[in-house]
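In: sequence and computational prediction follow.
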Amino acid sequence: MEEKQRRSKKVGESIVTMTELVLPHHTNQLGNLLGGQLMHWIDICAALSSAKHSQRVCVTASVDRIDFHHPIKLGNVVTLTASVNRAFKTSMEVGVKVFAESFTQGTKIHTNTAYLTFVSVDENNKPVETFEILPETVDEKRRFEDALKRRKARLEKRPDAD
């Protein structure tokens, strides 16, 4: 019997870019974007990237630490770019970069980077194998290698790892 070979896709095929405008209902009393709102946008962008790669519905399995380096202000335009860093059997690590831009001030800053793990599921919500990922650029290859290190660290921290 012939072994099924996993098809591969390029990292570039998984890129998703979202743009959001920070409106008053997205902010706290200081006029800064709520952290939970940003996490929501990050999760959506990463979910779309993993679904684009796997051609399936994908569910969030974990979210690594999210650091807030700079506040994002009311009226800023937030750009989120996600791509699959590495695909394992059924799971994928997706990296998301976040930039805040002020059109009136002419500034653009990198505010956040997040790493999330998604799992491809079938019609019965059972995990299914996904495509392999082919990194091409130097940056994609670095992220591919770093994703394996992060995965090992995640697995070591799991309660069932003992």
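Out: Yep, that arrived.
In: so what's the gap between the host helix or strand of K152 and the chain middle?
Out: Assigned by DSSP states H and E, K152 belongs to helix 138-157. Here helix 138-157 shows a centroid-to-chain-centroid distance of 13 Å under the convention Cα atoms, centre = their mean, to the nearest Å.
In: now Y115: which helix or strand?
Out: Y115 belongs to strand 107-121, assigned by DSSP H and E.
In: any weak-confidence spans in the chain?
Out: Confidence mapping of the chain against pLDDT under 70 gives the ranges 1-6, 160-162.
In: how about 80 then?
Out: 1-6, 158-162 (pLDDT under 80).
In: how about the strands in the chain?
Out: Along the chain, counting by DSSP state E, strands occupy 8-10, 16-21, 57-63, 77-87, 91-102, 107-121, 132-134.
In: okay, those in JSON lines with mean neighbour count and distance to L148 next?
Out: To be clear about C-beta, it is placed using only N, CA and C from the backbone, and glycine gets the same treatment. Formatted as JSON lines, the strands of the chain follow (neighbours: other Cβ atoms under 10 Å; distance: least, Cβ to Cβ, whole Å):
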{"stretch": "strand 8-10", "mean neighbour count": "15", "distance to L148": "16"}
{"stretch": "strand 16-21", "mean neighbour count": "16", "distance to L148": "22"}
{"stretch": "strand 57-63", "mean neighbour count": "17", "distance to L148": "15"}
{"stretch": "strand 77-87", "mean neighbour count": "23", "distance to L148": "6"}
{"stretch": "strand 91-102", "mean neighbour count": "22", "distance to L148": "9"}
{"stretch": "strand 107-121", "mean neighbour count": "19", "distance to L148": "12"}
{"stretch": "strand 132-134", "mean neighbour count": "18", "distance to L148": "12"}
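In: export the ones you listed to TSV and append columns for distance to C45.
Out: Converted to TSV, the strands of the chain look like this (distance: least, Cβ to Cβ, whole Å):
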stretch	distance to C45
strand 8-10	18
strand 16-21	5
strand 57-63	12
strand 77-87	4
strand 91-102	6
strand 107-121	9
strand 132-134	17
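In: between these, which gets nearest to R143?
Out: Closest approach to R143 among the strands of the chain is made by strand 77-87 (4.4 Å; Cβ to Cβ).
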